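Trainee: Need the 3D shape of this:
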Amino acid sequence: MPSLQRVSTPDTSPAEVSEILRRDGAVIVEGAVEPNVLAALNGDLDRFVDSLGVGLRNPVNDFMVEFYGSSTVRFDGLPAKSSGFVEVVQLPLLQGVAGILLKPQCEDYLLNTAQLIEIRPGETAQLIHRDEDAWPHMPPEKPQLEVEAMFALTDFTHANGATQVVPGSHVWDPDRQPTAEEITYAEMPAGSALMYLGSTLHGGGANTTKDQRRRGMFLGFVVGWLRTEENMFLTVPLEAARTMPVRVQELLGYKPHGPIGVVDVGSPMALLK
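Mentor: Below you'll find the model as predicted:
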């Protein structure tokens, strides 16, 4: 079984993490969030988990029902649900890596989606996939589109559903499928983060335990000229966006990308004043 390189904060720079991602397609960052931030995140998100329940609420097709799981709690709109998330999305390491890997292809990047993903006992392994396949009309030879991060809000173990990862798959032929021996698992303590590229094969793991809930918080950045997976203008109410730091407002899409995303042929930031 291959292994993932592990680094820790604050001892690792965005440049070092970017180089590992270019080489391996994924890396584990231990100590990515401080214990007080981790506690705040779990406290904020506890208010929504049990009331929503497992499974998709408004699936767009049958494939999505199976893909996202029947024993997994999943919801988005985290910028409006957690002040802890607003803090995490601005982490210098995240922003630095996204700047290095995405800005050569765009003026600025966007928050593509932000989700709470709690894999509960009995959930099966998710289909191995690439996140960038959300844009299937892109040509095979395309630039780097995404930088992702899965934060462990509880300990991730092989048994409770740690994310499956295929190191090196970001440079594979698109049709190549991994063998079992090429898949590893992002086992990591709470507060760590698995960072990976949108071109890296991965998927949620199976939770074979009887009583453990594997809670993760996923966020991804995408080049600013693509339509984001999550409609931030609806999942994050305008009134909430007005209270957020300017950088977070930009990541939500209120900063135009040249002529893209304008309002009255001008900057949407004017709506937040």
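Trainee: how close does residue 99 get to residue 18?
Mentor: Computed as CB to CB, to the nearest Å, the residue 99 to residue 18 distance reads 9 Å. Bear in mind the C-beta positions are built from the backbone N, C-alpha and C, glycine included.
Trainee: Check residue 140 too.
Mentor: Where residue 18 is concerned, residue 140 sits at a distance of 23 Å (CB to CB).
Trainee: about what we covered before: so which of residue 99 and residue 18 has more stuff around it?
Mentor: Between residue 99 and residue 18, counted using other CB atoms under 10 Å, the more crowded position is residue 18 (19 against 16).
Trainee: looking at it, that one is touching residue 100, isn't it?
Mentor: Yes: counting by CB atoms under 8 Å, residue 18 does reach residue 100; the two are 4.4 Å apart.
Trainee: And the helices in the stretch 1-150 of the chain, which stretches?
Mentor: Per DSSP state H, counting those that start in this stretch, the stretch 1-150 of the chain carries helices over the ranges 14-24, 35-52, 62-68, 78-81, 83-88, 92-102.
Trainee: Which of these has the lowest mean pLDDT?
Mentor: Sorting the helices of the stretch 1-150 of the chain by mean pLDDT places helix 62-68 lowest, at a mean of 85.
Trainee: Would you indicate which residues of that helix are buried?
Mentor: residue 68 (16 or more other CB atoms under 10 Å).
Trainee: Off-centre distance for it?
Mentor: Centre-to-centre, helix 62-68 and its host chain are 18 Å apart (CA atoms, centre = their mean, to the nearest Å).
Trainee: Start the count at 57 instead of 1 going forward.
Mentor: In the new count, where the first residue is 57, that last one comes out as helix 118-124.
Trainee: So what touches it?
Mentor: 111-112, 115, 130, 182-183, 185 (CB atoms under 8 Å, 6 or more residues apart in numbering).
Trainee: Figure out which of the helices of the stretch 57-206 of the chain is closest to residue 175.
Mentor: Of all these, helix 118-124 sits nearest to residue 175, with 10.6 Å by CB to CB.
Trainee: Need the CA coordinates for that closest one. PDB is fine.
Mentor: Taking C-alpha atoms only, helix 118-124 is exported to PDB below (Å, rounded to 0.1, in the frame of the first residue of the first chain):
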ATOM      1  CA  ASP A 118     -30.300   8.600  -9.000                       C
ATOM      2  CA  PHE A 119     -26.500   8.400  -9.400                       C
ATOM      3  CA  MET A 120     -26.000  11.200  -6.800                       C
ATOM      4  CA  VAL A 121     -28.100   9.300  -4.200                       C
ATOM      5  CA  GLU A 122     -25.700   6.300  -4.400                       C
ATOM      6  CA  PHE A 123     -22.600   8.500  -4.800                       C
ATOM      7  CA  TYR A 124     -23.200  10.500  -1.700                       C
END
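Trainee: hmm, back to that, quick one: buried ones out of the contacts of helix 118-124?
Mentor: Among these, those buried by neighbour count (16+ other CB under 10 Å) are 130, 182.
Trainee: Can I get the contacts of helix 118-124 in TSV including distance to residue 162?
Mentor: Below are the contacts of helix 118-124 laid out as TSV (distance: CB to CB, whole Å):
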residue	distance to residue 162
111	35
112	30
115	31
130	28
182	29
183	29
185	23
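Trainee: Closest one to residue 165 out of the contacts of helix 118-124, please.
Mentor: When the contacts of helix 118-124 are compared against residue 165 (criterion: CB to CB), the nearest one is residue 185, at 21.2 Å.
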